[in-house]
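A.B. asks: sequence and predicted structure below; questions after.
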Amino acid sequence: MTDAYHLHRFLTTQAPTYDTVLAELRAGRKSSHWIWCIFPQIAGLGRSGMAQQFAIASLDEAKAYMLRSPSMA
């Protein structure tokens, strides 16, 4: 399977942080840095380097992310 949108950047970052994300969401308080890879923004909105690295640039990329990401399953 090809990765035209380089979605591996999400998957490799999400995997080690997923348990932390769930714990923080359940606790009702975000205390670590994960938002940009779990809930990516549309390209052009985020200003940080991480927000830009994990930005979604097109509708086709968003669809591919939703279909491929384990956090969306």
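C.D. replies: Looks like it arrived, so ask away.

A.B. asks: and residue 19, how far from residue 41?
C.D. replies: Distance of residue 19 to residue 41, given as Cβ to Cβ, to the nearest Å: 23 Å. The C-beta positions use only the backbone N, C-alpha and C, and glycine is treated the same way.

A.B. asks: how about the secondary structure of the spatially most central residue of the chain?
C.D. replies: In the chain, the centroid-proximal residue (Cα atoms, centre = their mean) is residue 37; its distance is 2.6 Å. For residue 37, the assignment made with DSSP: H, G, I helix; E, B strand; the rest coil gives helix.

A.B. asks: thought residue 13 was touching it, still the case?
C.D. replies: Yes - assessed by Cβ atoms under 8 Å, residue 37 is found in contact with residue 13 at 4.3 Å.

A.B. asks: list the residues that contact both of the two?
C.D. replies: residue 54 (Cβ atoms under 8 Å, 6 or more residues apart in numbering).

A.B. asks: related to what we said a few turns ago, contact partners for the residue nearest to the centre of the chain?
C.D. replies: Contacts for residue 37 (Cβ under 8 Å, 6+ apart) come out as 9, 10, 13, 14, 17, 50, 54.

A.B. asks: which one of these is nearest residue 67?
C.D. replies: The closest of the contacts of residue 37 to residue 67 turns out to be residue 10 (Cβ to Cβ; 12.1 Å).

A.B. asks: leaving out chain neighbours, which residue sits closest to residue 55?
C.D. replies: Residue nearest to residue 55 in three dimensions, not counting chain neighbours: residue 43, with 3.9 Å by Cβ to Cβ, 6 or more residues apart in numbering.

A.B. asks: residues near the one you found, how many?
C.D. replies: By other Cβ atoms under 10 Å, 14 other residues sit near residue 43.
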